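Colleague: give me the fold of what follows.
(one chain, ligands or ions: 1)
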Amino acid sequence: MRKPIMAGNWKMNKTRDEALEFVYQVQDALPSKEKVETIICAPSIILRDLVKRQGDNLRIGAQNMHEKDSGAYTGEISALMLKSTEVEYVIIGHSERRQYFNETDESVNAKVKKALEVGLKPIVCCGELLEQRENGTTHEVLDTQISKAFADVCEDSLSNVIIAYEPVWAIGTGKVASPEMADEACGYIRSLVEKLYSKKAANEIRILYGGSVSTKSVNELMAQPNIDGGLVGGASLKADSFIELCNACVK
Ligand code: PGA
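Modeller: Numbers count the residues shown, from 1 in each chain. Sure thing, here's the model as predicted:
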C-alpha cells in the first residue's frame, strides 16, 4: 500500500503572516501522518518559520533549488541551504520553472541528484503541453522527461522520490484532466519506472496528479488506482479547501 500524499504548492503567494495564519488554521484539522503525508511547499523566505511550526501531520517543502553547492549564482538557493532550514521536500522541474526560468531535463536531473545527495526528498514534475497532448505525443514527452530526470539515480534512492504528473494545459487553468486521463498518464509513468528500474520500484513509488485539482475533482482523482495524491496550487491556498483536499486522500 502506497501512503497518499497531498502537497500544496503555494508558488509566489503568501506573506509570512499569512503563511503562519494558515498553519494555525489547518494544524488540528489535518489527517494523521499514518493516513496521509501532508506537505506545504512554500516560498523560501518563510520556510524556516514554517518548519518551526510544522507538526507530524504537516511537513514543509521548498519549490526549487540550485544544483550547485555554492558560488556566484546571485539570488539562488542551494540544496544544503534548504537542508539547513530542515525542510524535507523540494519540488523540482515544475513546468513554470521550465517555462519562465529555462529549466531543462538536464538541470532537473542535476537537481534531483543533488537533492538526494543532501537528504532532501524531491517531488519531480513532468507533463505535456496542450499541443503535445493534441498531437498524440504525450507518452514520448513523458518518456524523455522521466528517463532524463532519473539518469544516474540509483534504485535505492527512489524511496525518497515522489513524481508529480502535471499536464501543463491543466495548471492554473481550471481545466482539470479527467480522472481516466490522469490515471492513464500516471500508469504510463509507473510503467516507465518499471522499465528503468524494477516492478518493485514501480509498485512503491508515489505518483501525484497536479493541475487544477479542486475540492470538486479531488475525490474522483484520488479513487484512481495509479494516482497516489495531488500537487495542488490554487486550492491549497485557503485553509478550509486544503483541509478538505487532505481528508479526501484518506483511503
Ligand atoms: P493549480 O497548480 O492547482 O493551481 O493548477 C498546480 C501546480 O502548479 O502544481
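Colleague: for the closest residue to the ligand within the stretch 101-250 of the chain, give me phi and psi.
Modeller: Using Cβ to the nearest ligand atom, the single residue of the stretch 101-250 of the chain nearest to the ligand is Gly233, 2.4 Å away. (C-beta placed from N, C-alpha, C; glycine too.) The phi/psi pair for Gly233 (degrees, to the nearest 10) reads phi -90, psi -90.
Colleague: around the ligand, pick out the residues from the stretch 51-200 of the chain.
Modeller: Within the stretch 51-200 of the chain, the positions near the ligand by Cβ under 6 Å from any ligand atom are 166, 171-172.
Colleague: could these go into JSON lines alongside secondary structure and neighbour count?
Modeller: JSON lines is the format used below for these (DSSP: H, G, I helix; E, B strand; the rest coil; neighbours: other Cβ atoms under 10 Å):
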{"residue": "Glu166", "secondary structure": "coil", "neighbour count": "29"}
{"residue": "Ile171", "secondary structure": "coil", "neighbour count": "21"}
{"residue": "Gly172", "secondary structure": "coil", "neighbour count": "13"}
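Colleague: tabulate the residues you listed (TSV), appending pLDDT.
Modeller: Below are these laid out as TSV (pLDDT from 0 to 100):
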residue	pLDDT
Glu166	98
Ile171	95
Gly172	93
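Colleague: buried stuff in the longest helix along the chain?
Modeller: Assignment by DSSP state H gives helix 179-196 as the longest helix of the chain. Residues 179, 181-190, 192-193, 196 are the ones in helix 179-196 that count as buried (16 or more other Cβ atoms under 10 Å).
Colleague: out of these, which two sit at the greatest distance?
Modeller: Pro179 and Leu196 (25.8 Å; Cβ to Cβ).
Colleague: can you give me the distance of the closest residue to Met12 other than its chain neighbours to Ser70?
Modeller: Spatially, and ignoring its direct neighbours in sequence, Met12 is nearest to Pro43 (6.4 Å; Cβ to Cβ, 6 or more residues apart in numbering). Here the criterion is Cβ to Cβ, to the nearest Å. By it, Pro43 lies 21 Å from Ser70.
Colleague: next: Lys83.
Modeller: Taken as Cβ to Cβ, the span from Lys83 to Ser70 is 13 Å.
Colleague: more neighbours: which of those two?
Modeller: Between Lys83 and Ser70, Lys83 has the larger neighbour count (other Cβ atoms under 10 Å), namely 18 against 10.
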